[in-house]
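Colleague: prediction below, plus the sequence it came from.
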Amino acid sequence: MIPQDFIQSLLGRVDIVDVIDRHVRLKKAGANYKACCPFHNEKTPSFNVSPSKQFYHCFGCGVHGNAIGFVMEYSGLTYPDAIRELAQQVGMEVPEVRGTLPGRPAAQAKGLADRMMEALNYYRAELKKSAEAIDYLKHRGLSGEIAARYGLGFAPEAWQSLKGVFADYESAQMRETGLVIDSEAGEGAEGAPARKARRYDRFRGRIMFPILDSRGGVIGFGGRVIGDGEPKYLNSPETPLFEKGRELYGLWQARRAIRDANLVIVVEGYMDVVALAQSGIDNAVATLGTATTPTHVAKLLRLADSVVFCFDGDSAGRKAAWKALEVSLPVLADGKSVAFLFLPAEDDPDTFVRRQGKEAFLEALAAAKPLSQFLVTEISSKVDMGSEEGRARFLARARPLVSQIEAPALGAMIRKRLADMAGLDPGQIPGFMPPRERGQYRPAPAARVIRRALSIEAQILQRVLRKPGLARSIDPDIVPEATAEGRALHGVVTLVREGDSGLTLGQVIAHFEGSEHSAALDAALGGGSILDEVPEAELDLEAELEGLLGRLGLQRSELRKAELEALGLAGSLSEAERAELAALKTRQASAKGVNSGEESQPKP
């Protein structure tokens, strides 16, 4: 473990502009620097770097972070390795300690992410001890190098092998990892005592495939049985760290190859990914035991211009491909392409590449069927195109799909092709235009965002992240911690008040890296307004913060008043509480009278 104070010193020593400029040519743009984003393909620069905040943000794909985050993302390094890389550049020696990091509570140091990493280390150690598991991987053609790159491990065939790893095996925190299962309690046989609930390991007798997030942290596992047991693959359940519909197996390892090839291959199984990597095809990822989602496709199209789904040629493979087509339509853009490769029915990518080799797979990949062709041929194959009724049915089936395409050029070309096949003019097929072009804009399913009003705590957090020094004017005791935003704000305020008032945004983010506040901080930074072009002097952040703190105080007073009124109804108010309630009512009436003239809330 690397001490937090060293990380802060390191970020105070390096300049994010110099770090990024070594890899991406930056150009001055006002107070910031700009470039074409190195993490997705674009022609107009949308990648912004702030020297004052020591922070970068791309308004195109949304990626953002500090100098450590950039080195991780660009070079494919883990968090500790990125720190070592930066330290070497400025001549600093990295100290490492065991146990709890300075500045972080013990509970945080033993959070879910740390438990998952402990489990990974255990499974990897067990793989080295298991001759059966090693023989299995060798039989599948995998080398030790590939097994190490993907962090493969082995879960022993034992009910509670993790009990020797985690002293608190029976705790509620262990249940949240998804690594264990609790059996249900039940009644015993007649005359026997009731059966108690029992905890046991979820993964037993399986090759373990760690699933990594965008920072290289372990968020889940997939386990493949050795032999013919069922289920063949077993995946971690949904946890606070892991959401199957958002993550892809192998994406962390494949990012560099995806950018270099400007192409990503999506397969169905973990073993397909590592088998392709063993053959030198490093730009493959897999869905996690679930159907492809719009989030999957949108994430991949931010990384590359081309996505190829590679499925088995049987009915199940074609069904999975059709589902991928449906969720791809709303997120497609002109200049991006989605295609489908169907392998022979007896093959999957693993067996195909081992039997026929890399060149044969690449040749098949080059002949993948474009989405437009797959859509048209699949629908037309199910109707009689030789009759008017069949062609009308053909158009009826195509309409709900084509109307989702927001890409103007692609949508126009597909509509023209459909009209030609039906023997009509494109203007004679109504209802095929996307909602935006019909003048009734409705966000496509993948882009649909349920917007809610930002809480006061979230609005305060946004302003404090813009200018961390503002946190010194906030009393942490007045910040409610009932929400994730409130807890994150409380953490930032405490950090700044107890430390250096000159902390940059990059240092604040580094302090909370991997903590329970990461998600709330990331959400507050997600819109990119932190790096907008409006000078902070013109925003009057101090006045906005003062107004928000006033509203926060009023909100707290409302809650306290409601609490006291409830006690009053129950007849249990003390004299002191009656006086407090009367004072609150007077104060709130006065505050509301003053605030009634406000025309609008400050902008986030």
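Modeller: Thanks, I have the structure now. Numbering: from 1, shown residues only.
Colleague: contacts and neighbour counts: CA atoms only from here.
Modeller: Noted.
Colleague: tell me where the stretch 151-300 of the chain has strands.
Modeller: Secondary structure of the stretch 151-300 of the chain (DSSP state E, counting those that start in this stretch): strands at 153-155, 180-182, 199-201, 206-212, 218-225, 233-235, 263-267, 284-286.
Colleague: how about a markdown table for those, with distance to residue 14, mean pLDDT and mean neighbour count added?
Modeller: Converted to a markdown table, the strands of the stretch 151-300 of the chain look like this (distance: least, Cα to Cα, whole Å; pLDDT from 0 to 100; neighbours: other Cα atoms under 10 Å):
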| stretch | distance to residue 14 | mean pLDDT | mean neighbour count |
| --- | --- | --- | --- |
| strand 153-155 | 37 | 97 | 28 |
| strand 180-182 | 42 | 95 | 16 |
| strand 199-201 | 44 | 96 | 18 |
| strand 206-212 | 27 | 96 | 25 |
| strand 218-225 | 28 | 94 | 24 |
| strand 233-235 | 40 | 91 | 19 |
| strand 263-267 | 33 | 96 | 24 |
| strand 284-286 | 34 | 96 | 27 |
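Colleague: any idea which of the ones you listed gets closest to residue 415?
Modeller: Taking Cα to Cα, strand 263-267 is the member of the strands of the stretch 151-300 of the chain nearest to residue 415, at 26.4 Å.
Colleague: strands paired with that closest one, and their directions?
Modeller: strand 284-286 (parallel), strand 306-312 (parallel) (DSSP bridges).
Colleague: can you give the distance of that strand from its chain's centre?
Modeller: Offset of strand 263-267 from its chain centre (Cα atoms, centre = their mean, to the nearest Å): 18 Å.
Colleague: swap in stretch 494-508?
Modeller: Using Cα atoms, centre = their mean, the offset of stretch 494-508 from its chain centre is 26 Å.
Colleague: buried ones in that stretch, by neighbour count?
Modeller: By neighbour count on 16 or more other Cα atoms under 10 Å, the buried set for stretch 494-508 is 494, 495, 496, 497, 503, 504, 505, 506, 507, 508.
Colleague: mind checking the end-to-end distance for that stretch?
Modeller: The straight-line separation of the ends of stretch 494-508 (Cα to Cα, to the nearest Å) is 11 Å.
Colleague: closest to the centroid, which residue in the chain?
Modeller: Nearest to the geometric centre of the chain sits residue 246, at 5.9 Å (Cα atoms, centre = their mean).
Colleague: buried residues in stretch 163-173, which are they?
Modeller: Those would be residue 169, for stretch 163-173 by 16+ other Cα under 10 Å.
Colleague: how long is it end to end?
Modeller: First-to-last residue span, stretch 163-173, Cα to Cα: 14 Å.
Colleague: just stretch 212-230 next, same as before
Modeller: Note: stretch 212-230 ends 25 Å apart using Cα to Cα.
Colleague: next: stretch 16-33.
Modeller: This stretch, stretch 16-33, spans 11 Å end to end (Cα to Cα).
Colleague: same deal with stretch 267-281?
Modeller: 12 Å.
Colleague: what are the buried residues along it?
Modeller: Using 16+ other Cα under 10 Å as the test for burial, stretch 267-281 gives 267-279, 281.
Colleague: which residues touch that stretch?
Modeller: Residues outside stretch 267-281 that contact it (Cα atoms under 8 Å, 6 or more residues apart in numbering): 141-143, 146, 150, 209, 222, 249-250, 282-289, 309-311, 348-350, 353-354, 357-358.
Colleague: ok, now with 7 Å
Modeller: Contacting residues not belonging to stretch 267-281 are listed as 142, 146, 249-250, 282, 284-287, 309-311, 349-350, 353, 358 [Cα atoms under 7 Å, 6 or more residues apart in numbering].
Colleague: and for stretch 12-25?
Modeller: Outside stretch 12-25, the residues touching it (Cα under 7 Å, 6+ apart) are 35, 49, 51, 54, 67, 90.
Colleague: could you flag which of the residues you listed are buried?
Modeller: Using 16+ other Cα under 10 Å, the buried ones in the contacts of stretch 12-25 are 35, 49, 51, 54, 67.
Colleague: possible to save these as CSV with secondary structure and pLDDT?
Modeller: As requested, the buried ones among the contacts of stretch 12-25 are exported to CSV (DSSP: H, G, I helix; E, B strand; the rest coil; pLDDT from 0 to 100):
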residue, secondary structure, pLDDT
35, strand, 92
49, strand, 92
51, coil, 89
54, coil, 91
67, helix, 93
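Colleague: what is the nearest of those to residue 524?
Modeller: residue 54 (16.5 Å).
Colleague: quick one: that closest one and residue 504 touch, right?
Modeller: Yes: using Cα atoms under 7 Å, residue 54 is in contact with residue 504, at 6.4 Å.
Colleague: what is the subsequent helix or strand relative to the helix or strand of the chain with the lowest mean pLDDT?
Modeller: Least confident helix or strand of the chain, by mean pLDDT, DSSP states H and E, is helix 106-109 with a mean of 36. Counting by DSSP states H and E, the element after helix 106-109 in chain order, helix or strand, is helix 112-129.
Colleague: residues in contact with whichever helix or strand comes after that next one?
Modeller: Going down the chain from helix 112-129, the next helix or strand is helix 131-139, by DSSP H and E. With Cα under 7 Å, 6+ apart as the test, helix 131-139 has contacts from 127, 154, 207.
Colleague: which stretches of the stretch 451-600 of the chain form helices?
Modeller: With helices called from DSSP state H, counting those that start in this stretch, the stretch 451-600 of the chain shows them at 456-466, 484-498, 505-511, 518-525, 536-539, 541-569, 575-595.
Colleague: correction: the stretch 251-400 of the chain
Modeller: 251-261, 270-278, 294-303, 315-328, 349-356, 358-366, 371-380, 388-402.
Colleague: does residue 160 really touch residue 204, like I thought?
Modeller: No: between residue 160 and residue 204 there is no contact under Cα under 7 Å: 8.9 Å.
Colleague: neighbour-wise, which of the two wins?
Modeller: residue 204 (20 against 17; other Cα atoms under 10 Å).
Colleague: show me what contacts the more buried one?
Modeller: Counting by Cα under 7 Å, 6+ apart, residue 204 makes contact with 155, 156, 157, 158, 159.
Colleague: now, of those residues, which are buried?
Modeller: Buried, going by 16+ other Cα under 10 Å: 155, 156, out of these.
Colleague: let me have the contacts of residue 204 in a markdown table, extended by distance to residue 322.
Modeller: Formatted as a markdown table, the contacts of residue 204 follow (distance: Cα to Cα, whole Å):
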| residue | distance to residue 322 |
| --- | --- |
| 155 | 35 |
| 156 | 38 |
| 157 | 38 |
| 158 | 40 |
| 159 | 40 |
